[in-house]
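Colleague: sequence first, then the predicted structure, then my questions.
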Amino acid sequence: MFKKRVKKIKRKKHIIQEYIEAILFAFVVAFIIKNYIFQNFKIPSSSMERTMLIGDYLYGDRLKYYFTEPKREDIVIFQYPADPEEPGLPTVENPDPKLKRDNYELIIKPVYWDKQNKKFIYHAKKNVVKRIIGMPGDEIEIRNKKVYINGGLFQRDYEQFIHRQIIPRSNGNLYWNGNFMGSRDNFGPVTVPENKYFVLGDNRDVSADSRYWGFLDRKDITGRPLFIFFSYGQPPSRSYVEFVYQQQGALNPESRIRWERILHFY
């Protein structure tokens, strides 16, 4: 006798279930790409002019430093060391004593639940771009704006100085953990520890970099700029006076799309 084959009826998914699964899949893929492969962001400050301008929109490569170590003169993307690891912690920019870490419940980094306002928030250190100047073991010193590495002058064509004034070491106000480090233009010497780097902005006179907050930890480096996919903004400041006026809103040159910068690769 032959057994009668019973045809299995495949249950069709409800259209709502299909939509939910598609949305969840897209979310997971986007999360993986954003956190482990590519990232995009906008240059917000003048610290890397003229290499990078305010209003440059960049794609960043997150994969490079999974497989290789950073090198001197690499432009790197990293999490700003002065930012808090978690929400609710005071910072130099926002020292509000009412901020409380207990007001936020960690769901899965970087997503938190804001108990007070009853909503989900995304918290991560902001991404910053600078150039690696000092490698682990290097002695770094700045004398009259010039950088010296292990006693030798380190000078390239990308650094820019828009402030004619040289601030003497004795007039400096830079401190690391209570230790006096000098001024913007006369700093150090310091020795770069293992697994750390000394980074500077190319626009040296207006860059908040290692001179101000210390060495960059290897673990905070998240990638490198890949290319500019769009650029819109004002011309870069040609002098410190222009920079100050632009910061104060007293000088507003016309903004434009910088077609010549689009698809510029680094």
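Modeller: The structure has been received and is ready for your questions.
Colleague: what is the burial count for residue 109?
Modeller: Using other CB atoms under 10 Å as the criterion, residue 109 is surrounded by 12 other residues. Backbone N, C-alpha and C define where each C-beta goes, glycine included.
Colleague: distance of it relative to residue 81?
Modeller: Using CB to CB, to the nearest Å, we find residue 109 at a distance of 17 Å from residue 81.
Colleague: residue 115 too?
Modeller: 28 Å.
Colleague: specify the beta-bridge partners of residue 199.
Modeller: Partner residues in beta bridges with residue 199: residue 132, with DSSP bridges as the criterion.
Colleague: cool, and residue 228?
Modeller: Residue 228 forms beta bridges with residue 58, as assigned by DSSP bridges.
Colleague: burial count for it?
Modeller: Number of residues near residue 228 (other CB under 10 Å) recorded here: 21.
Colleague: you'd agree it is up against residue 260?
Modeller: No - here residue 228 lies out of contact with residue 260, judged by CB atoms under 8 Å, at a distance of 10.1 Å.
Colleague: which parts of the stretch 51-200 of the chain are strands?
Modeller: When assigned using DSSP state E, counting those that start in this stretch, the strands of the stretch 51-200 of the chain occupy the ranges 56-61, 75-79, 104-108, 111-114, 119-122, 127-134, 139-143, 146-149, 152-154, 174-176, 179-182, 187-191, 196-200.
Colleague: quick one: closest of the ones you listed to residue 236.
Modeller: Of all the strands of the stretch 51-200 of the chain, strand 56-61 sits nearest to residue 236, with 10.8 Å by CB to CB.
Colleague: quick one: average pLDDT of that closest one?
Modeller: What strand 56-61 shows for mean pLDDT is 92.
Colleague: same check on stretch 16-29?
Modeller: For stretch 16-29, the mean pLDDT works out to 59.
Colleague: if I look at residue 53, how far off is residue 148?
Modeller: Using CB to CB, one gets 29 Å for the distance from residue 53 to residue 148.
Colleague: so for these two, which residue has more residues nearby?
Modeller: When neighbours are counted by other CB under 10 Å, residue 53 and residue 148 differ, and residue 53 comes out ahead with 19 against 16.
Colleague: separation between the nearest residue to residue 212 once chain neighbours are set aside and residue 142?
Modeller: Closest residue to residue 212 in three dimensions, ignoring its sequence neighbours and counting by CB to CB, 6 or more residues apart in numbering: residue 174, at 6.4 Å. Using CB to CB, one gets 10 Å for the distance from residue 174 to residue 142.
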